[in-house]
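*Asks:* fold the following, please.
(chains A and B)
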2 protein chains.
Amino acid sequence: MTSLDARVSPAVTTGPIIGSHKVYLGDLQVPVRRIELTDGDHLDVYDTSGPYTDDSATIDVHSGLREKRADWIANRRPVGGALTQLAYARAGVLTEEMRFCALREGVEPELVREEVAAGRAVIPVNRRHPESEPAIIGKKFLVKINANIGNSAVTSSIAEEVDKLVWAIRWGADTVMDLSTGKRIHETREWLLRNSPVPIGTVPIYQALEKVDGDPTELSWEIYRDTVLEQCEQGVDYMTVHAGVLLRYVPLTAKRVTGIVSRGGSIMAAWCLAHHRESFLYRHFDELCDIFRSYDVTFSLGDGLRPGSIADANDAAQFAELRTLGELTAIARAKDVQVMIEGPGHVPMHKIVENVRLEEELCGEAPFYTLGPLATDIAPAYDHITSAIGAAMIAQAGTAMLCYVTPKEHLGLPDRDDVKTGVITYKIAAHAADLAKQHPHAQQRDDALSKARFEFRWIDQFNLALDPDTARSFHDQTLPAEPAKTA
Amino acid sequence: MTSLDARVSPAVTTGPIIGSHKVYLGDLQVPVRRIELTDGDHLDVYDTSGPYTDDSATIDVHSGLREKRADWIANRRPVGGALTQLAYARAGVLTEEMRFCALREGVEPELVREEVAAGRAVIPVNRRHPESEPAIIGKKFLVKINANIGNSAVTSSIAEEVDKLVWAIRWGADTVMDLSTGKRIHETREWLLRNSPVPIGTVPIYQALEKVDGDPTELSWEIYRDTVLEQCEQGVDYMTVHAGVLLRYVPLTAKRVTGIVSRGGSIMAAWCLAHHRESFLYRHFDELCDIFRSYDVTFSLGDGLRPGSIADANDAAQFAELRTLGELTAIARAKDVQVMIEGPGHVPMHKIVENVRLEEELCGEAPFYTLGPLATDIAPAYDHITSAIGAAMIAQAGTAMLCYVTPKEHLGLPDRDDVKTGVITYKIAAHAADLAKQHPHAQQRDDALSKARFEFRWIDQFNLALDPDTARSFHDQTLPAEPAKTA
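*Replies:* Okay, the predicted model is just below:
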């Protein structure tokens, strides 16, 4: 482990969310958040927050979290040369990670193994990130959400990003992507990984671009590969790779309203056009799989040509790339490497289901991981909401993980409050989809909260809420409940 | 017109939304908000805000708005004894109100007349509310949104409510419901009507209940009827009537998680149980139709047994009442009275479409007017979002008007900020549905905004947004746009 700079002093939020406390279940010590109710009952809910909400844990961000998975990893032998969850699942081996996920989800371990073996679910767990508490991402499980954080050349510090990480998982982020740019990318990532109980994702092309001073035409396979290796060694659990942006697809975007809006997509398109060659990511995909395989890093195959507006949704460029992502999925799986597929973007509601149907058909049902989508373009400053509408619907249709959008989307970088708003909004979308998919346990929380509401057990209603603090602060004791029940 | 109390001095927000100005189209002077773009182009958008955003208008809240419809109403003769838009539509008469709506919507007047004649759309225009600018509510037209306001016994003043009205329509509320309780109901409503360019809705049972000091068992048909007459005379455009809460349906709610949550529903259920008689609203529905007919007040048949939780969605009580609302719809239509049907409430996503399908089947495709629905119960303080998800989906399925939900739902009364948040959130849901239904003009605004975004015309992007003020304030000039485009 890289030693963490003593001059960086993040102040992270610790202690349980009000009205609850941490409980660990079973021999694998699976964490849950136990909400105690005033009627003597309690409800255990899925808990992504790690030791930070455990009153009995000692938190020292300079030494990082306990390596919970260290023994599991150490005692493991390769199957068919591979150490990936996919390889084990295919070999019929139930790993600790699979059992851990099963207990978290309240399902049979065998379901977890089967879904991972089929490639319909992934457990992103780099063996160099032993601090992580495994989570499964797949359509038969609870819908997951990702929070993007990361500093930029001009704003925020490492300390702020560590705080945002802890803040995001406190409110329920299942994974966190570090999208840092600027000078201290490596160091920021190290801080995040050593202090993260959730899988960390990155977009390696961002750091590779910094190494060539921001000129995409100067990129090369070697620079990219070395960046990926550096990040694998640090413990990044999944990486966005825009290997489906092919030279011949770029002209398909020429008549779009918003061209190419994905940053990774733009970088790769610029490279392809400048060199008039096929993308190095595509040409070297095989080698990339070998690297990912040796760490069990999961591919998040990026949609570099995703639509950036309602007008461009479901167009030829988007679906051409999706077909290529399907080919790459097959290559990765043949090497026992886990794969997710990223999706749009901006899509009107009537075009959402087609995205899931095609993704499943073309990409062998690999877990779909979508950004929103935004159901309209006309509400900057409220894109957490425009996208929550799309996110809930696409998750109902089968998307396994939703990348959050904050109120600052299109306008600036999210601050701490935006991170919380984005996370809570996406927990709503994900949970709405869990209900709609009739996940066996999802409705328990709705029922408990509604029962408390009907019985005027206000404290229980607050504590069962996704955000007890805000619910409580909004409640004004002087008001009767009736006006809220009208119409 | 009742003279307005000189001691009340509302301070309302006037002047156009930044980057736009009011333009009137055609001989009927249909208002639009014209957004001027820096590339020399402009976009006209539907405008609910009335003269308040017209720089050339003189606003005096003590004298109220100009009676725009006075001449239209004065020059009109009954058909078949009725003066309702439904009667005219059936007789093949194109009223000024219909032509006004057609121009606002960008459709042929004949489509408006046909839809009104078929009962698939309503134009709520009490002839005693000549200040109103007519709007059409029906599934073939733009999805409309309603904002609830109203003071209570313990909070807010008349001045605050007038301010909220003007504030709500500034941001796009198509109708406003006055849900006031307490002592000054009549006077508050008078202030709202005389200053409202949008249809005003009420729930007369609330005022009737005040007249019997809050004891529902003391209610009677006579008290209710007189209250309705009083409100008709003032100019209320549509009224929620919970005439479908029948005595025999009340036991169907006994095993619910949240019983009866509609205030009107609870009042009527309490009355029915106390007297062990059928609801006076149901028994006297015929007389009520005669009253509504003489003013052209539109029924909003209330769903007093709507589900208040995910657990209770689509249950026997809810659908039993819906069937009765269908019977009442037929009775009202036979008397040329316009009808909308109110809908839930709390409904998980997979049960949303059934609500629309059944409503259309049982109620002869009368315009559906739904509260949300909330797609989950677990996020008090964010129920504008939980409900925007359900609202967008139910509008896509055919709901004609959405009743907003604010962040204070279940927790307290909305303040001015909550009203704006609720309205903008519901404009998003409504617009997302307009796109999904492929309304012929809806996508123009998305395209214009996205084009501006792609061309880095920031000012145009802000001005084309639903909320230019907040979009602008969120934008930080120091930040590159790239990080917002990632993943």
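
*Asks:* switch to C-alpha atoms for all contacts and neighbour counts from now on
*Replies:* Noted.

*Asks:* can you tell me how far the most centrally placed residue in chain A is from residue A:201?
*Replies:* The residue lying closest to the centre of chain A (CA atoms, centre = their mean) is residue A:146, at 3.0 Å. According to CA to CA, to the nearest Å, residue A:146 and residue A:201 sit 9 Å apart.

*Asks:* show me where chain A has strands.
*Replies:* A:20-25, A:30-36, A:42-46, A:121-122, A:137-138, A:144-149, A:175-178, A:200-202, A:238-241, A:298-301, A:339-343, A:368-371, A:401-403 (DSSP state E).

*Asks:* who wins for proximity to residue B:46 among those?
*Replies:* Nearest to residue B:46 among the strands of chain A is strand A:368-371 (29.9 Å), distances taken as CA to CA.

*Asks:* helices or strands up against that closest one?
*Replies:* strand A:339-343, helix A:383-396, strand A:401-403 (3 or more CA pairs under 8 Å, 6 or more residues apart in numbering or on different chains; DSSP states H and E).

*Asks:* just send the ones you listed back as a markdown table, with distance to residue B:349, mean neighbour count and mean pLDDT too.
*Replies:* Below are the helices and strands packed on strand A:368-371 laid out as a markdown table (distance: least, CA to CA, whole Å; neighbours: other CA atoms under 10 Å in any protein chain shown; pLDDT from 0 to 100):
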| stretch | distance to residue B:349 | mean neighbour count | mean pLDDT |
| --- | --- | --- | --- |
| strand A:339-343 | 21 | 29 | 98 |
| helix A:383-396 | 8 | 31 | 98 |
| strand A:401-403 | 17 | 30 | 98 |
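
*Asks:* columns distance to residue B:106 on top of those, output as JSON lines?
*Replies:* Formatted as JSON lines, those follow (distance: least, CA to CA, whole Å):
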{"stretch": "strand A:339-343", "distance to residue B:106": "35"}
{"stretch": "helix A:383-396", "distance to residue B:106": "25"}
{"stretch": "strand A:401-403", "distance to residue B:106": "37"}
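
*Asks:* quick check, the residue in the stretch 1-150 of chain A closest to chain B?
*Replies:* residue A:148 (8.2 Å; CA to the nearest CA).

*Asks:* please name the nearest non-neighbouring residue to that residue.
*Replies:* Residue nearest to residue A:148 in three dimensions, not counting chain neighbours: residue A:177, with 4.7 Å by CA to CA, 6 or more residues apart in numbering or on different chains.

*Asks:* one step back: joint contacts of residue A:146 and residue A:201?
*Replies:* A:175, A:176, A:177 (CA atoms under 8 Å, 6 or more residues apart in numbering or on different chains).

*Asks:* could you report the neighbour count for residue A:107?
*Replies:* 16 (other CA atoms under 10 Å in any protein chain shown).

*Asks:* so which of the strands of chain A comes closest to residue B:116?
*Replies:* Residue B:116 lies closest to strand A:368-371 among the strands of chain A, at 40.7 Å (CA to CA).

*Asks:* quick one: strands adjacent to that closest one?
*Replies:* For strand A:368-371, sheet partners with direction are given as strand A:339-343 (parallel), strand A:401-403 (parallel), following DSSP bridges.

*Asks:* show me the contact partners of it.
*Replies:* A:138, A:300, A:340-345, A:356, A:359, A:387, A:391, A:398-405, B:487.
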